[in-house]
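Colleague: Sequence and predicted model, in that order:
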Amino acid sequence: MHYRRRFLLTAAGVLALIGALAAVVLFRPGGDKRLARFVHSRPSVPVVFTSRSEPASLRAAANEGEAFVYPGQPLWQAREGRLRLLKPDGSVHELTWGRKLTDGTTLIDVMSPSVSPDGTRIIFAGRKAPPDHGHFRIYEMNTDGSDLRQVTGGPDDDGCIAAPPMRFRTSRELIPDDERKRVDFDDIDPIHLNFPDGRIAFISTRDPDLGRGHARRASTLWVQNSNGERRQWTANRNNDRWPVLLQSNLILFSLWSRNLEVVAADRSDIHPAAPGTTSATPPTDAWLGAFMQNTGGQFGGLVKPTFPVWRPRPLFNGRIVVMTSCSQGVRAPGLGEFDGFCLAQVEPGFVINSPSSLGAVAHAIDQHSYVWFGPLTYRNSSTQLTETLLPATPSACPENRVIFAASPLRPSAAVNPGSFGLFHCSDDWSALGRPETSVEIERLFDDPKLADSEPVAVYDRGIKTFERSTAISGEERALIKLANGTTYDGPAGTIFGSALFAEQHRNAPGQVAGDKLVFEAPPEEIDHIRVYASYRDRFDDPVRNRVAGGWELLAKSPLATRDTFGVTLPAGIPTVLAAFNKDGRVVRWPARHAGKSRSEWFHAFAGDHYSAVQPGGRHFCTGCHTGHSNIGPDQHRHQEVWRR
């Protein structure tokens with residue numbers, strides 16, 4: 001026993017020495033000399049970023065296609081991807097390329113890096129070469145380049161929670177369900193939560209679904225504890241992307257609201273839109289900025305302007321910077337999905353867009369006081385020419401800087417991946433748009449052969465995370481009588497609402513026109529709440545590759561008091577809800593226009609997103625739809641903090 005202990009201690013010491021030597025070699029003075037010539041300026045703190053053969057990580061939605069052939073539909077992949085670190089001394093270090101994992105394999109592609117709240121760990125999505133699996137999994141390493149390890153997708157990972165849309169090998173042999181579940185999923189966009197206890201959040205396709213009205217793999221927000229237990233936190237049937245932990249301990253992320261359900265023309269029901277028919281509201285198709293509590297339960301809207309919200313990130317000035325469609329009509333021939341990127345800063349709580357609840361004509365709120373579009377022009381010191389940029393993937397960098405990727409606009413030719421480089425500028429954009437105003441932009445790094453993007457500054461953000469047990473909530477079961485007359489007996493949770501008539505949104509950005517609210521509380525009494533289920537696709541049918549998810553009324557809940565309700569539902573089913581009056585019609589009321597005399601109808605239909613209850617959990621939303629409620633301005637403490 002004594003000799004065994006001595007052997008283990010000696011082995012541990014040898015491994016530690018090897019790791020230290022590897023870090024020394026990796027971080028030798030001066031970094032990688034080949035990359036030094038691509039450095040144009042030096043950041044104030046280290047910056048981790050990706051260099052890839054294609055800018056696929058800039059795409060918000062999953063790739064179109066079903067791909068019922070091994071290994072399934074590739075998502076966000078590039079032929080080659082490297083994780084790199086640019087240090088304040090101007091040195092550049094390769095973090096993943098050619099590095100051996102414990103199983104002897106290497107990563108050929110990476111994306112979506114993030115840094116732990118204390119600035120000591122990097123977490124990212126990585127992909128090995130086939131035939132290993134060819135899908136993204138989560139990996140982690142120290143910021144000094146040591147201790148590279150796999151976090152998800154290991155031998156003990158069960159993978160998908162249902163059979164995914166992958167059926168046959170190239171030899172036409174049917175792949176067993178268990179094997180498909182272990183292989184065909186992607187984990188991307190990871191962040192640390194209660195660091196250093198190992199709790200993380202990430203986006204995953206583990207709940208198989210091809211979405212609503214298209215064939216794109218759905219992705220949702222998941223949480224994994226240090227013991228490997230994981231649970232799905234959101235229920236989108238389209239795509240969730242790019243989470244980030246805020247100082248307020250909220251998780252902010254992008255949500256693709258592409259729900260097909262509408263309020264019937266006579267307001268008697270909520271149902272999927274049908275071609276050639278009229279409805280009181282249109283189907284949704286918008287990217288919104290949503291939030292989820294770090295401790296779970298509360299869900300809501302944090303940034304919902306009238307333009308797309310992609311990759312929202314907090315700044316030191318208290319605003320949220322997002323990647324979006326360019327408002328100035330910039331077009332880059334041949335750029336495809338990347339056509340017209342630009343950046344915007346938005347006041348948190350600016351929740352003026354509610355696609356599922358408004359009529360066919362969107363309301364016109366003056367966004368000028370709450371939105372600042374970022375710089376698009378850059379003076380190239382090499383050519384002495386002023387270039388128009390297509391900026392993307394922004395985030396904060398000390399002190400009061402925005403760091404981002406960008407490609408110069410080339411009107412005469414398609415933008416190539418190698419034209420994407422790293423830039424930074426001040427986060428004060430208040431004067432932009434006025435005559436003779438500009439923000440000085442500096443180029444940081446540009447590898448001419450690869451798309452450099454997704455920069456993240458490495459620093460201690462000083463986030464005080466909530467103490468939380470690592471245990472997943474219990475599998476509480478319930479016997480429920482469903483609206484269709486059947487009885488459900490299984491895992492269940494509660495969805496509830498309180499203060500349905502409260503005007504918490506009165507002081508939120510963009511909610512007042514003159515001295516009146518744009519969206520008032522409903523004057524009409526609410527009689528009951530209806531909860532509808534939008535079931536996910538199934539891929540376990542022996543004949544059909546895809547069994548499309550159905551739609552049905554799941555539950556009807558009378559109000560407990562005049563403005564509160566609560567209803568127990570089966571766990572894990574994507575749902576939406578609407579409020580009905582005593583005549584069985586969706587409640588509606590006028591929505592005022594800022595600066596306009598006419599009104600349009602606002603409907604009490606929370607259909608901008610799908611929700612699901614956790615087993616044994618309690619779920620509620622705030623700011624889900626514009627006229628209901630919002631987070632008060634005193635709660636918007638989301639800004640970045642740099643603890644030196």
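Modeller: Looks like it arrived, so ask away.
Colleague: can you pull the contacts of the residue nearest the centre of the chain?
Modeller: By CA atoms, centre = their mean, the chain has its centre lying nearest to residue 241, at 2.4 Å. Residue 241 is in contact with 60, 189, 203, 219, 253-254, 256, 310-311, counting by CB atoms under 8 Å, 6 or more residues apart in numbering. (C-beta placed from N, C-alpha, C; glycine too.)
Colleague: so it sits in a strand?
Modeller: Yes: Residue 241: assigned to a strand according to DSSP: H, G, I helix; E, B strand; the rest coil.
Colleague: Where does pLDDT dip in the stretch 451-600 of the chain?
Modeller: Scanning the stretch 451-600 of the chain for pLDDT under 70 picks out the ranges 465-474, 503-505, 513-516, 523, 591-599.
Colleague: Try it again at 90.
Modeller: Under the criterion pLDDT under 90, the flagged ranges of the stretch 451-600 of the chain are 462-477, 496-526, 540-545, 560-564, 588-600.
Colleague: Which parts of it are strands?
Modeller: Assigned by DSSP state E, counting those that start in this stretch, the stretch 451-600 of the chain shows strands spanning 451-457, 477-481, 487-497, 512-513, 516-517, 528-534, 551-558, 565-570, 575-580, 588-592, 599-603.
Colleague: Make a markdown table out of those and add mean neighbour count and distance to residue 272.
Modeller: Supplementary listing: these in a markdown table, determined by neighbours: other CB atoms under 10 Å; distance: least, CB to CB, whole Å:
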| stretch | mean neighbour count | distance to residue 272 |
| --- | --- | --- |
| strand 451-457 | 26 | 36 |
| strand 477-481 | 14 | 24 |
| strand 487-497 | 17 | 21 |
| strand 512-513 | 16 | 34 |
| strand 516-517 | 12 | 32 |
| strand 528-534 | 22 | 9 |
| strand 551-558 | 16 | 6 |
| strand 565-570 | 20 | 20 |
| strand 575-580 | 23 | 11 |
| strand 588-592 | 19 | 20 |
| strand 599-603 | 20 | 16 |
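Colleague: For residue 182, which three-state class applies?
Modeller: Using three-state DSSP, the three-state assignment for residue 182 comes out as helix.
Colleague: Now tell me which helix or strand of the chain has the poorest mean pLDDT.
Modeller: Each helix and strand of the chain was given a mean pLDDT (mean pLDDT, DSSP states H and E); the minimum falls on helix 2-26 at a mean of 46.
Colleague: If I follow the layout properly, residue 495 ends up in contact with residue 614?
Modeller: No: using CB atoms under 8 Å, residue 495 is not in contact with residue 614; the gap is 10.4 Å.
Colleague: which is the next helix or strand following the helix or strand residue 84 falls within?
Modeller: Assessed by DSSP states H and E, residue 84 sits inside strand 81-86. Using DSSP H and E, the helix or strand that directly follows strand 81-86 along the chain is strand 92-94.
Colleague: returning to what we had before: nearest to residue 424 among the strands of the stretch 451-600 of the chain would be which one?
Modeller: If you check each of the strands of the stretch 451-600 of the chain against residue 424 by CB to CB, strand 451-457 wins as the nearest, at 8.2 Å.
Colleague: Quick one: list the elements packing against that closest one.
Modeller: If you count contacts as 3 or more CB pairs under 8 Å, 6 or more residues apart in numbering; DSSP states H and E, strand 451-457 packs onto strand 47-52, strand 107-115, strand 385-397, strand 401-408, strand 421-426.
Colleague: which of those has the lowest average pLDDT?
Modeller: When the helices and strands packed on strand 451-457 are compared on average pLDDT, strand 385-397 comes out lowest at a mean of 90.
Colleague: So which bits of that one are buried?
Modeller: Using 16 or more other CB atoms under 10 Å as the test for burial, strand 385-397 gives 387-397.
Colleague: Setting aside sequence neighbours, what's the nearest residue to the residue nearest to the centre of the chain?
Modeller: Among residues not flanking residue 241 along the chain, residue 254 sits closest, at 4.6 Å (CB to CB, 6 or more residues apart in numbering).
Colleague: show me what contacts the one you found?
Modeller: With contacts defined as CB under 8 Å, 6+ apart, residue 254 is in contact with 60, 240-242, 287-290, 309-312.
Colleague: what about 10 Å?
Modeller: Applying CB atoms under 10 Å, 6 or more residues apart in numbering to residue 254 gives the contacts 60, 189, 203, 239-244, 287-290, 303, 308-312, 322-323.
Colleague: First-to-last residue distance for stretch 281-299?
Modeller: The straight-line separation of the ends of stretch 281-299 (CA to CA, to the nearest Å) is 23 Å.
Colleague: ok, now stretch 402-416?
Modeller: 24 Å.
Colleague: Kindly report the same for stretch 40-51.
Modeller: Terminal residues of stretch 40-51 lie 16 Å apart, using CA to CA.
Colleague: So which bits of that stretch are buried?
Modeller: Buried, per 16+ other CB under 10 Å, within stretch 40-51: 40, 43, 45-51.
Colleague: which residues in the protein form helices?
Modeller: Along the chain, the segments classed as helices by DSSP state H run 2-26, 33-36, 177-183.
Colleague: How much space separates residue 124 from residue 240?
Modeller: Here the criterion is CB to CB, to the nearest Å. By it, residue 124 lies 18 Å from residue 240.
Colleague: Residue 173: how many residues sit nearby?
Modeller: Using other CB atoms under 10 Å, residue 173 has 10 other residues around it.
Colleague: Distance of it relative to residue 159?
Modeller: Residue 173 is 20 Å from residue 159, where distance means CB to CB.
Colleague: From the chain's centre, how far out is stretch 53-69? Work that out for me.
Modeller: Distance of stretch 53-69 from its chain centroid, counting by CA atoms, centre = their mean, to the nearest Å, is 15 Å.
Colleague: Span of it from start to end?
Modeller: OK, stretch 53-69 end separation, CA to CA: 25 Å.
Colleague: Just the buried positions in it, please.
Modeller: Neighbour-count burial for stretch 53-69, with 16+ other CB under 10 Å as criterion, is recorded at 53-62, 65-67.
Colleague: Please name the nearest non-neighbouring residue to residue 130.
Modeller: residue 71 (6.6 Å).
Colleague: what's near enough to touch the one you found?
Modeller: Listed by CB under 10 Å, 6+ apart, the contact partners of residue 71 are 130-135, 166, 169, 175, 180, 183-184.
Colleague: and it, how far is that from residue 151?
Modeller: Taken as CB to CB, the span from residue 71 to residue 151 is 21 Å.
Colleague: coming back round to it: in strands only, show me the buried residues of stretch 53-69.
Modeller: Among the buried residues of stretch 53-69, no member is found in strands (DSSP state E).
Colleague: for those residues, which one is nearest residue 196?
Modeller: If you rank the buried residues of stretch 53-69 by distance to residue 196 using CB to CB, residue 57 comes first, at 26.5 Å.
Colleague: Could you point out the bridge partners of the closest residue in space to that closest one that isn't next to it in sequence in the sheet?
Modeller: Leaving aside its sequence neighbours, residue 57 sits nearest to residue 111 (CB to CB, 6+ apart; 4.1 Å). Residue 111 forms beta bridges with residue 125, as assigned by DSSP bridges.
Colleague: quick one, what contacts residue 342?
Modeller: With contacts taken as CB under 10 Å, 6+ apart, residue 342 has the following neighbours: 307, 322-328, 330, 373-376, 389-392, 406.
Colleague: Now restrict those residues to buried residues only.
Modeller: With burial judged by 16+ other CB under 10 Å, the buried subset of the contacts of residue 342 is 307, 322-324, 326, 330, 373-376, 389-392, 406.
Colleague: ok, back up a step: just the closest of the buried residues of stretch 40-51 to residue 483, please.
Modeller: Minimum distance to residue 483 across the buried residues of stretch 40-51 is 47.4 Å, recorded for residue 50 (CB to CB).
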